[in-house]
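In: what would the 3D arrangement of this be:
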Amino acid sequence: EAEGDDSFGVPSESEMCKKYLKRPRSQKTPSPLQLKTQRKRIKWILLTRSRLTYVAGYQNHMRGEQ
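Out: Numbering: from 1, shown residues only. Predicted coordinates:
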């Protein structure tokens, strides 16, 4: 499983879009590999979201200090 974007487990934006577009809509039963990448994507999204909220909260905190 050499995807090339897996060095940090963070797929690049274009990779994600390509994977998403390549996937046929009619596929109702996802393969184990798809489930794995989906789980990875969800984890990545959650991670980024929490990081962004953390950064935003930190910036607000710094603004409040001044």
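In: give me the neighbour count for L47.
Out: If you count neighbours by other CB atoms under 10 Å, L47 ends up with 12. C-beta here means a position set from N, CA and C on the backbone, and glycine is covered the same way.
In: shift numbering so it begins at 50
Out: That works, and once the first residue is 50, the last one we named lands at L96.
In: what strand or helix carries it?
Out: Here L96 sits within helix 81-114, counting by DSSP states H and E.
In: and that helix, average pLDDT?
Out: Confidence for helix 81-114, expressed as mean pLDDT, is 84.
In: please spell out which residues along it are buried.
Out: Residues of helix 81-114 classed as buried under the neighbour-count rule (16 or more other CB atoms under 10 Å) are T86.
In: so what does it touch, helix or strand wise?
Out: If you count contacts as 3 or more CB pairs under 8 Å, 6 or more residues apart in numbering; DSSP states H and E, helix 81-114 packs onto no helix or strand.
In: how close does I91 get to Q83?
Out: 12 Å (CB to CB, to the nearest Å).
In: same question for G106.
Out: From G106 to Q83 the distance is 34 Å (CB to CB).
In: what's near enough to touch K85?
Out: Not one residue lies near K85 by CB atoms under 8 Å, 6 or more residues apart in numbering.
In: should've said S80
Out: S80 neighbours (CB under 8 Å, 6+ apart): none.
In: kindly export stretch 102-113 (C-alpha atoms) in CSV.
Out: The C-alpha trace of stretch 102-113 is given here as CSV (Å, rounded to 0.1, in the frame of the first residue of the first chain):
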residue,chain,number,x,y,z
THR,A,102,-10.0,25.5,17.3
TYR,A,103,-7.0,25.2,19.6
VAL,A,104,-5.1,27.8,17.5
ALA,A,105,-8.2,30.1,17.3
GLY,A,106,-8.7,29.8,21.1
TYR,A,107,-5.0,30.6,21.7
GLN,A,108,-5.2,33.7,19.4
ASN,A,109,-8.3,34.9,21.2
HIS,A,110,-6.6,34.4,24.5
MET,A,111,-3.6,36.4,23.4
ARG,A,112,-5.9,39.1,22.1
GLY,A,113,-7.6,39.3,25.5
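In: I appreciate the help and will end here.
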